[in-house]
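In: no sequence for this one, just the structure:
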């Protein structure tokens, strides 16, 4: 074959493109070849930690590399997810994002180090948690209707959550808006300290992620008045939803998902997505998480990205209307 100048240029360009792509192709084909760091932007022992460790173990088995849980709490999850956003886009650092870190926080924190709409690569949904509205077992309040009556009689009635800007805080804001009551938010640094004050009758109302409170509810130390989601929790089948108690249209299901840094190569996203989807489909994983009050559910990477974008807009409207702030 005779190479004309134009053919030589075309051939050279093809060879250059092929060589440029080789390292990336080899990296994607070999992935993973070392441990994967799974950043959980909350303290150990909570709902997210339980889910991350349960699912992470199975993902590790499927990928043949350790999945190391790295708890980096602070600023409503922003510190941990910022570490993910700034990590190399090579698949060896992923993060446990949530409705708060990836949709709500930008609207309630004056300063954000990342933009959840463009600084992450969505990998897979992990599922949803149930928020429970509860009171101490010794409380005279027996129902949501009685709580509303008490709140109207005592404006400024305090309620506890695991922190400012959390989905539990959002649940309280929505509850106050829909009931026309004035509630005072008491933000704790995690569910543990808030539950301790509930058990000691220091504070009388709490919105909490069910997995943290469930053992105390089952032990009869806390009384569940209702759950915030659109359906009853399998872990508390006799406890109504808030909507069922009379607040039609009230529904909040905190969601969680796995994210990597922006521009994560598509082949790596595919490998990670498949591993998480398969792990979440395991009966032992589903049973363990469901019993803890968490509803496991995977998704495509695109579905999680679409959820992130739509929830960012929706929760921005809610936060603005309520004047929510975590600063």
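Out: Looks like it arrived, so ask away. If you're wondering where the values come from, they're calculated on a predicted model, not measured in any experiment.

In: and after whichever strand in the chain runs longest, which helix or strand comes next?
Out: Ranked by number of residues, the top strand in the chain under DSSP state E is strand 120-129. Downstream of strand 120-129, the first helix or strand assigned by DSSP states H and E is strand 131-136.

In: each with direction, which strands does the longest strand of the chain pair with?
Out: Strand pairing for strand 120-129, determined by DSSP bridges: strand 255-261 (antiparallel), strand 294-296 (antiparallel).

In: contact partners of the first one?
Out: Just to be clear, that refers to strand 255-261. 48, 51, 81, 84-89, 91, 93-99, 102, 119-129, 268-269, 272, 276, 299, 304, 307-308, 311 (C-beta atoms under 8 Å, 6 or more residues apart in numbering). (C-beta placed from N, C-alpha, C; glycine too.)

In: quick one: terminal-to-terminal distance for stretch 214-229?
Out: 15 Å (C-alpha to C-alpha, to the nearest Å).

In: pull out the buried positions in stretch 214-229.
Out: 214, 216, 217, 221, 222, 223, 224, 225, 226, 227, 228, 229 (16 or more other C-beta atoms under 10 Å).

In: returning to that earlier point: so how far is the longest strand of the chain from its chain's centroid?
Out: Put simply, strand 120-129 sits 8 Å off its chain's centre (C-alpha atoms, centre = their mean, to the nearest Å).

In: stretch 165-180 now?
Out: 17 Å.

In: what does stretch 57-72 give?
Out: That offset, for stretch 57-72, works out to 18 Å (C-alpha atoms, centre = their mean).

In: now it: mean pLDDT?
Out: Here stretch 57-72 scores 97 as its mean pLDDT.

In: and residue 315, what's its pLDDT?
Out: At residue 315, the pLDDT recorded in the model is 89.

In: what's the burial count for it?
Out: Residues lying near residue 315 (other C-beta atoms under 10 Å) number 23.

In: show me the contacts for it.
Out: Residue 315 makes contact with 99, 103, 104, 107, 170, according to C-beta under 8 Å, 6+ apart.

In: now neighbour count, pLDDT and distance to residue 192 too, for those residues, in TSV please.
Out: Supplementary listing: those in TSV, determined by neighbours: other C-beta atoms under 10 Å; pLDDT from 0 to 100; distance: C-beta to C-beta, whole Å:
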residue	neighbour count	pLDDT	distance to residue 192
99	24	93	21
103	26	94	25
104	29	92	22
107	19	92	27
170	26	91	20
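
In: hmm, which two among these are most spread apart?
Out: 99 and 107 (11.9 Å; C-beta to C-beta).

In: looks to me like residue 201 is in a helix.
Out: No. Using DSSP: H, G, I helix; E, B strand; the rest coil, the assignment for residue 201 is coil, not a helix.

In: grab the nearest non-local neighbour of it.
Out: Nearest non-adjacent residue to residue 201, counting by C-beta to C-beta, 6 or more residues apart in numbering: residue 136, 5.3 Å away.

In: of the strands paired with strand 120-129, flag the one that's most buried.
Out: strand 255-261 (a mean of 26; mean count of other C-beta atoms under 10 Å).

In: put together CSV for the buried residues of stretch 214-229, with distance to residue 320 and secondary structure on each row.
Out: Listed next are the buried residues of stretch 214-229 as CSV, based on distance: C-beta to C-beta, whole Å; DSSP: H, G, I helix; E, B strand; the rest coil:
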residue, distance to residue 320, secondary structure
214, 33, helix
216, 35, helix
217, 34, helix
221, 37, coil
222, 33, strand
223, 34, strand
224, 31, strand
225, 28, strand
226, 26, strand
227, 26, strand
228, 21, coil
229, 24, coil
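
In: among these, which pair sits farthest apart?
Out: Once C-beta to C-beta is applied, the buried residues of stretch 214-229 give 221 and 229 as the farthest pair, at 22.6 Å.

In: now do the domain split for the protein, please.
Out: When the chain is parsed with automatic domain parsing, its domains come out as 31-129+254-322, 131-245.

In: state the distance from the residue nearest to the spatial centre of the chain to residue 87.
Out: In the chain, the centroid-proximal residue (C-alpha atoms, centre = their mean) is residue 98; its distance is 2.4 Å. Applying C-beta to C-beta, to the nearest Å, the value for residue 98 to residue 87 is 18 Å.
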